[in-house]
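1. Coordinates for the following, if possible.
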Amino acid sequence: MNDRQKRHLRGLAHALKPVVMIGNKGLTDTVLAEIDTALAHHELIKVKLSGADKATKQVFLDKITHQHHAVLINIVGHTAILYRPADDPKIILPR
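-> Reported below is the predicted structural model:
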């Protein structure tokens, strides 16, 4: 994924609200299942990571992107933007 495509997805994600929130219990199986469902339905989601330091957030995001074959688009504060194209993509990316 190139910078132009990431910039396009950041623009689309601007109006989105976080659909999954990771709290003090961390990355549980339930949270991972919810992220998978959200990515399957929306393709582009925001995830709020509250109560975690920077290193812990990065570990969580690495696990999410690896397990769900998603791309980390951006992190701003406690919010991450994730993208995984669907089999029949709704979002058309620029070349």
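
2. OK, contacts around the residue most central in space within the chain?
-> Nearest residue to the geometric centre of the chain (C-alpha atoms, centre = their mean): L82, 2.3 Å. Contacts for L82 (C-beta atoms under 8 Å, 6 or more residues apart in numbering) come out as 35, 39, 44-47, 64-65, 68, 70-73. Using the backbone N, CA and C atoms, a C-beta is placed for each residue, glycine as well.

3. Most neighbours among the residues you listed, which one?
-> Neighbour counts for those, by other C-beta atoms under 10 Å, peak at V47, which reaches 26 neighbours.

4. Look at that residue and give its secondary structure.
-> Here V47 takes the strand state, with states given by DSSP: H, G, I helix; E, B strand; the rest coil.

5. got it, and N24?
-> N24 - assigned by three-state DSSP - is coil.

6. and T30, that one's in a helix?
-> Yes - membership of T30 in a helix is supported by three-state DSSP.

7. residues contacting I92?
-> Per C-beta under 8 Å, 6+ apart, neighbours of I92: none.

8. same thing with K63?
-> Neighbours of K63 in contact, by C-beta under 8 Å, 6+ apart: L27.

9. host element of it?
-> K63 belongs to helix 54-68 when assigned by DSSP states H and E.

10. mean confidence for that helix?
-> Mean per-residue pLDDT for helix 54-68: 95.

11. again, but for stretch 32-42
-> For stretch 32-42, mean pLDDT rounds to 96.

12. quick one: buried residues of it?
-> 32, 34-36, 38-39, 42 (16 or more other C-beta atoms under 10 Å).

13. Can you tell me, leaving aside adjacent residues, what's nearest to A52?
-> F60 (6.7 Å; C-beta to C-beta, 6 or more residues apart in numbering).
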